[in-house]
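> model the following, please.
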Amino acid sequence: MSDGLFEKIGYVKSDQTVQGPITPGQNRRKAIAAGDLWVGECHVTALEAPSQWHHHAEFDSVMYMLSGRIRVDFGENGEQSFEIGKGDYAYFPRRAIHRCQIIEGGNDVRYVFVRLGKGETVVNVDGPGPFAPAEPAKMSA
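Numbering: from 1, shown residues only. Just a heads-up that it's a prediction; the model follows:
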């Protein structure tokens, strides 16, 4: 018997993934959600313009690029950026506001992500900034 997230060995076939939260320019599919773990794949469609600014609320995220190349913008005014391509990893602390745009790969730009946290996995926002404010603690009755 396991004391971890999973009771037994399992698998998820690609046609068993479900639509995840969408950011304009990024279509996500959820494969696994167990406890604080959320795993899925993203098909980046932000070819002509960057995706919408967003953050991952109370989730820390790691992504692994499967195909294509993207630029990720972030920072107080969106002035910082980096590029990642096939085989590269990136990580994002919770509430870090960012967006991405395809710079190579056309319509086949994908990455896998692993998130640890709680609550909503994606919050779309109107513009750049370093970090979104933390959600206020909920009071119990």
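
> strands of this structure, residue ranges please.
Counting by DSSP state E, one finds strands in the chain at the ranges 18-23, 26-34, 37-44, 54-55, 58-67, 69-74, 80-85, 89-92, 98-104, 109-118, 123-124.

> surely residue 120 touches residue 21?
Yes. In this structure, residue 120 is within contact of residue 21 by Cβ atoms under 8 Å, at 7.3 Å. Where C-beta positions appear, they are placed from N, C-alpha and C, glycine not excepted.

> show me which of those two is the more surrounded one.
Neighbour count, other Cβ atoms under 10 Å: between residue 120 and residue 21, residue 21 has more, with 16 against 12.

> which residue packs closest to the more buried one, ignoring adjacent ones?
residue 122 (3.9 Å; Cβ to Cβ, 6 or more residues apart in numbering).

> how many neighbours does that neighbour have?
Neighbours around residue 122, by other Cβ under 10 Å: 18.

> state the distance from it to residue 87.
Applying Cβ to Cβ, to the nearest Å, the value for residue 122 to residue 87 is 24 Å.

> enumerate every residue touching residue 117.
36, 38, 56-60, 94 (Cβ atoms under 8 Å, 6 or more residues apart in numbering).

> same thing with residue 30?
By Cβ under 8 Å, 6+ apart, the contact set of residue 30 is 17-20, 38-40.

> if you set the cut-off to 7 Å instead, what comes out?
17-18, 20, 38, 40 (Cβ atoms under 7 Å, 6 or more residues apart in numbering).

> looking at these, which is nearest residue 135?
Taking Cβ to Cβ as the measure, residue 135 lies nearest residue 38 of the contacts of residue 30, at 17.0 Å.

> returning to that earlier point: just the buried residues of the contacts of residue 117.
Buried residues within the contacts of residue 117, counting neighbours by 16 or more other Cβ atoms under 10 Å: 38, 56-60, 94.

> this completes my enquiry, with thanks.
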